[in-house]
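**Q** below are the sequence and a predicted model for it; my questions follow.
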Amino acid sequence: MTTIIYHNPKCGTSRNTLAMIRNAGIEPEVIEYLKTPPSKQVLSEIVKAIGVPIREVMRKKETQYAELQLDDAKWSDDALLDIMLEHPVLINRPIVITPLGTRLCRPSEEVLAILTSSQQGAFVKEDGEKVVDEQGRRI
């Protein structure tokens, strides 16, 4: 099984997560989900693998979330999946799948728990926050 990241290159958290994966010597399959959303079945499997309610995998800050009143309990999980596929911007990111698990990597350091290889050197986030030292240990 390969490592997969559902990625938005405009998102700093997503870019940091991808960089940490690569800092472990792993070249993941990068899926830009805004261009290529997953199928309904795949998205459903991802949510189940993360193990959280579907709304935890939705971007509540997006205008569509409020406009569509997606916080209303009337929406079934199945309907929410359909809406997320119709409006992929509502899918929270980055989501990483590895042989060790599936995670919504917010914050980006969440990815460290499911990587199959250790960090190979220091890692500093785009904002300057040090995450990993020169020996590859989490700070």
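**A** Received, thanks.
**Q** ranges for the helices of the chain?
**A** Ranges of helices within the chain are 12-23, 40-50, 63-67, 77-86, based on DSSP state H.
**Q** quick one: average pLDDT of the shortest one?
**A** Mean pLDDT, taken over the full extent of helix 63-67, equals 96.
**Q** for the first one, same thing?
**A** Per-residue pLDDT values across helix 12-23 average out to 98.
**Q** which elements pack onto it?
**A** Packed against helix 12-23, as judged by 3 or more C-beta pairs under 8 Å, 6 or more residues apart in numbering; DSSP states H and E, are the following elements: strand 4-7, strand 123-124, strand 130-132. Just so you know, the C-beta spots here come from the backbone N, C-alpha and C atoms, and that holds for glycine as well.
**Q** what's next to it, contact-wise?
**A** Residues outside helix 12-23 that contact it (C-beta atoms under 8 Å, 6 or more residues apart in numbering): 3, 5, 7-9, 28, 30, 93-94, 96, 105-112, 115, 119-121, 123, 125-127, 131-132.
**Q** any chance of CSV for the helices and strands packed on helix 12-23, columns distance to Q64, mean pLDDT and mean neighbour count?
**A** Below are those laid out as CSV (distance: least, C-beta to C-beta, whole Å; pLDDT from 0 to 100; neighbours: other C-beta atoms under 10 Å):
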stretch, distance to Q64, mean pLDDT, mean neighbour count
strand 4-7, 18, 98, 23
strand 123-124, 33, 96, 18
strand 130-132, 32, 96, 17
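**Q** count of neighbours near D127?
**A** Taking other C-beta atoms under 10 Å as the neighbour definition, D127 ends up with a count of 7.
**Q** list the contacts for it?
**A** Contact partners of D127, counting by C-beta under 8 Å, 6+ apart, are G12.
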